[in-house]
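*Asks:* Kindly return the folded structure for what I paste below:
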Amino acid sequence: MATLLELFNLNYLNDSALSPYSPKPANKISNNRRRTLVVCKKAKNEEAWVEKKVGFVDYDKGKSRVSVQVVGLQKDDIPKRYRMRVEGDKWQRDWSISEVVQMILKLKHWDDIEGLLNRWVGRFARKNFPVLIKEITRTGSLEHSVHVFNWMKNQKNYTARNDIYNMMIRLHARHSRIDQARGFFFEMQKWRCKPDVETYNALINAHGRNGQWRWALNIMEDMLRAAIPPSRSTYNNLINACGSSGNWREALKVCKKMTENGVGPDLVTHNIVLSAYKTGLQYSKALSYFELMKATNIRPDTTTLNIMMYCLVKLGEYGKAVEIFNSMREKRSDCRPDIVTFTTMIHAYSIQGQLENCKAVFNTMLAEGFKPNIVSYNALIGAYASFGMNKEAQRVFNEIKQKGLRPDIVSYTSLLNAYGRSHQPEKAREIFDKMKQNNWKPNSVSYNALIDSYGSNGMLTEAAEVLREMEKDGIRPNVVSICTLLAACGSNGQRAKIDSILSLAESRGIVLNTVAYNSAIGSYMNVGEYDKALNMYRTMRKKNVKPDSVTFNVLISGCCKMSKYVEALDFLDEMMILHIPLSREVYSSAICAYIKQGLLAEAESVFTKMKMTGFYPDVIAYTTMIHAYNIAEKWDKAYELFQEMKMNNVKPDSIACAALMRAFNGGCQPAKVLVLAEYMREKNIPFTDAICFEMVSACSMLREWKAIIELIKMMEPSYHVVSVGLLNQILHFLGKSGKTETMMKVFYKIVASGADISLCTYEILLKNLLAAGNWRKYVEVLEWIVEGGIHPSSEMYSNIFTFAQRSCGAEYASAIQERIETLKRKSGIKPL
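*Replies:* Numbering: from 1, shown residues only. As a prediction, the model looks like this:
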């Protein structure tokens, strides 16, 4: 109903009951007179603006969707003159606002959107316009929203409103269209809409999203000149504009100004300040600010704890980050984890190399009903990529598409990195090309990942070609590109190209930072160019680039590799003078330098200091000390150190186990070698040549035939890659034990595997065959040697002659001599 007639019986004796629409009586009216008043007013359809949730479930496909729908004013609510106009038009449709939005989104932005809107009856209700803009901008479709807004301005009953312009400014801010957002700001003033506080907030937010914090400050000044008092949201947007640009100091100034103007900060303000510290890489300051929040009884929310977890991960305090994560998952926790929480934990475990925990957190996220976003999937792909697990990374990448998400540039770059680390640079190139085909422009990170893919696999020519392609696409190579190429040259022994890469960086105006200098020094050290590495370090100091612990670790470890132990210790002293804290790697390198010089006491002192400073020794440090005790024949201390390593949950590797086995054999404790071998089987520690060598030595001392036979069976599939020394030791052990038949069977299997057979191997066979009195097999092996194109030594011939004369009798001696003379002629040796 457009109007409503209401009849009131008004008693003039009760003045307080008079309607505000009734005229006041001019004269006093008698008590017994009554008057009837007719009041006309428009009906209010409040239900038209109620947002209703509508659910859809497809049990066959296992999909569900919940949407919010708004009806708006329809045919019965518009003025009568418009209602009569549309009743005779068969093309007019009485759609709800939500239905109009859905049909607009189904059209392309170049289709006839205005034709669709002109068929909508609700266009004659002015109140539908703000709700229509609200619903269309909520979808995030910029082109459709602009078309609807331009159509709306051409309607006769349209009236410009602040809230409509504010929504359009916010939408363009979300799409980083700053110039268009400012255009709407000036346009609304032409339409006689005075900007209010929400308008300025939207414009400040727009510039903040684009990193233009100085523009945001200027808009704040304009707002004050217009005598519009800033609200708490205004200050929060301004603080966020400064903080998101990494300018955390300006953010704190705005926060101080906020409190001076009598506007108190809320939890959102504190979260924005924490985010500013996080963006500005001030992780320790963020933790201090969080402690201040707790001291003032400010209760954090999920966003606060997510920021804290991120900062703790960046500081390497993974244990505290896990504690916060576990506390958020408790039943009574006020801050429940969200999708950002789980994604942060996946990233944290990925940095630690705990792939199983990454998968467990992702599965937990799914089990608790969270729908992973593209960032979560990218974190999981990145975890697989760090291990070079390209199949698993590809599976997650395909799952992104199956879930209806579009892989972004991070997804493609992570997948590219996975193939590069799994030594498949051609496949990495295919992913790079697919990225371009799907309208993603590769950034510097993508190009650097492709350069690393080629460089780490020794394809330096292709890596340099990618660098040139990078420049053609308008992307300037950065210091990471140079570091990647330098590392590739160092690992592939390309000495000449290191100098050319450094010249290229200089010609491109790329200023080397600490990481770049570390890569250059490490590359020179890897190719044995100590003098050039030293000159690079001196250049680094001249240009006031501060060295770090990585710099000295590269120098010290490089000197140890080149047996320059005195120079290594000099660098350690210089590091102490510069007050650079020693890292775990530096401690391990220093221990190695002392041990190589035979300074066991100094090595023990550094090892103890390492534990006192809070750096728990890693497997490398433990292995180095075990090796030192082995050299010093302190086998008991080596075993104690191994036990300490297990107590500290440091998993020993094959090198550590080999060093301990060597200590056991040296200390005449071969039984412990076999016990350690059982421990290795339980912990799935791989058996290397050094391990097998020590086990054979232990079995030889213990006469453990069963253990050696089991070891031989275990080694059978890998005979072709086992070292010749180990194979010779096994054959020698079997022959010396009188197991010549077993020795020959093992030899046949070695030959069948395609392993290289040296003359030394044949010597071992011949000596053991002769010791067993098997002269026939001896002569047969000699024939194999000659047929293989190997010249037997004179000692091999003389040994069989001597044996024939002493042990075989005259008849067999003449037969043996005849066969030996024939072999000599075949091998080109003149008979005596």
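*Asks:* from here on, contacts and neighbour counts on C-alpha atoms
*Replies:* Noted.
*Asks:* Pick out the residue nearest the middle of the chain.
*Replies:* residue 382 (4.3 Å; C-alpha atoms, centre = their mean).
*Asks:* I'd say that one and residue 410 touch.
*Replies:* No - here residue 382 lies out of contact with residue 410, judged by C-alpha atoms under 8 Å, at a distance of 9.0 Å.
*Asks:* thinking again about what came up before, how near is the residue nearest to the centre of the chain to residue 594?
*Replies:* Remark: distance between residue 382 and residue 594 (C-alpha to C-alpha, to the nearest Å) = 39 Å.
*Asks:* Same check on residue 436?
*Replies:* In terms of C-alpha to C-alpha, residue 436 sits 53 Å off from residue 594.
*Asks:* Residue 730 now?
*Replies:* Note on residue 730: its distance to residue 594, by C-alpha to C-alpha, is 35 Å.
*Asks:* Could you do residue 465 as well?
*Replies:* Look at residue 465 and residue 594: by C-alpha to C-alpha, they are 44 Å apart.
*Asks:* So these two - more neighbours on which side?
*Replies:* residue 594 (22 against 11; other C-alpha atoms under 10 Å).
*Asks:* Now for the closest residue to the more buried one other than its chain neighbours, how many residues are close by?
*Replies:* For residue 594, ignoring the flanking residues on the chain, the nearest one in space by C-alpha to C-alpha, 6 or more residues apart in numbering is residue 603 at 5.4 Å. The number of residues packed near residue 603 is 24, by other C-alpha under 10 Å.
*Asks:* my guess is residue 603 is in a strand, correct?
*Replies:* No - membership of residue 603 in a strand is not supported by DSSP: H, G, I helix; E, B strand; the rest coil, which gives helix.
*Asks:* That one touches residue 597, doesn't it?
*Replies:* No - counting by C-alpha under 8 Å, residue 603 does not reach residue 597; the two are 9.9 Å apart.
*Asks:* The stretch 101-250 of the chain: helices as residue ranges?
*Replies:* Using DSSP state H, counting those that start in this stretch, the helices assigned to the stretch 101-250 of the chain run over residues 113-117, 128-138, 142-153, 162-174, 178-190, 197-209, 213-225, 232-244, 248-260.
*Asks:* pLDDT below threshold where in the stretch 351-500 of the chain?
*Replies:* Within the stretch 351-500 of the chain, the segments meeting pLDDT under 70 span 492-496.
*Asks:* quick one, helices of it?
*Replies:* Assigned by DSSP H, counting those that start in this stretch, the stretch 351-500 of the chain shows helices spanning 355-367, 374-386, 390-402, 409-421, 425-437, 444-455, 460-472, 479-492, 495-507.
*Asks:* need the next SSE after the last one, C-terminal direction.
*Replies:* Counting by DSSP states H and E, the next helix or strand C-terminal to helix 495-507 is helix 514-526.
*Asks:* and that following helix, what does it pack onto?
*Replies:* On a contact count with 3 or more C-alpha pairs under 8 Å, 6 or more residues apart in numbering; DSSP states H and E, helix 514-526 meets helix 479-492, helix 495-507, helix 530-542, helix 549-561.
*Asks:* Make TSV from those helices and add distance to residue 174 to it.
*Replies:* Below are the helices and strands packed on helix 514-526 laid out as TSV (distance: least, C-alpha to C-alpha, whole Å):
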stretch	distance to residue 174
helix 479-492	30
helix 495-507	37
helix 530-542	43
helix 549-561	41
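*Asks:* closest one to residue 471 among the ones you listed?
*Replies:* Residue 471 lies closest to helix 479-492 among those, at 11.5 Å (C-alpha to C-alpha).
*Asks:* Would you mark the buried spots in that closest one?
*Replies:* 479-492 (16 or more other C-alpha atoms under 10 Å).
*Asks:* do stretch 283-302 as well
*Replies:* So, applying 16+ other C-alpha under 10 Å, buried residues of stretch 283-302: 283, 286-287, 289-290, 300-302.
*Asks:* Distance of residue 345 relative to residue 328?
*Replies:* From residue 345 across to residue 328, the span is 12 Å (C-alpha to C-alpha).
*Asks:* These two: which has the busier surroundings?
*Replies:* The residue with more neighbours, out of residue 345 and residue 328, is residue 345; 24 against 20, by other C-alpha under 10 Å.
*Asks:* my guess is the more buried one meets residue 359, correct?
*Replies:* No - the criterion here is C-alpha under 8 Å, and residue 345 misses it with residue 359 at 10.6 Å.
*Asks:* Now do the helices for the stretch 651-800 of the chain: every range, in order, please.
*Replies:* Counting by DSSP H, counting those that start in this stretch, the helices of the stretch 651-800 of the chain are 654-666, 670-682, 689-702, 705-715, 724-736, 740-752, 759-771, 775-787, 794-803.
*Asks:* Secondary structure added to the buried residues of stretch 283-302, as JSON lines?
*Replies:* Listed next are the buried residues of stretch 283-302 as JSON lines, based on three-state DSSP:
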{"residue": "283", "secondary structure": "helix"}
{"residue": "286", "secondary structure": "helix"}
{"residue": "287", "secondary structure": "helix"}
{"residue": "289", "secondary structure": "helix"}
{"residue": "290", "secondary structure": "helix"}
{"residue": "300", "secondary structure": "coil"}
{"residue": "301", "secondary structure": "coil"}
{"residue": "302", "secondary structure": "helix"}
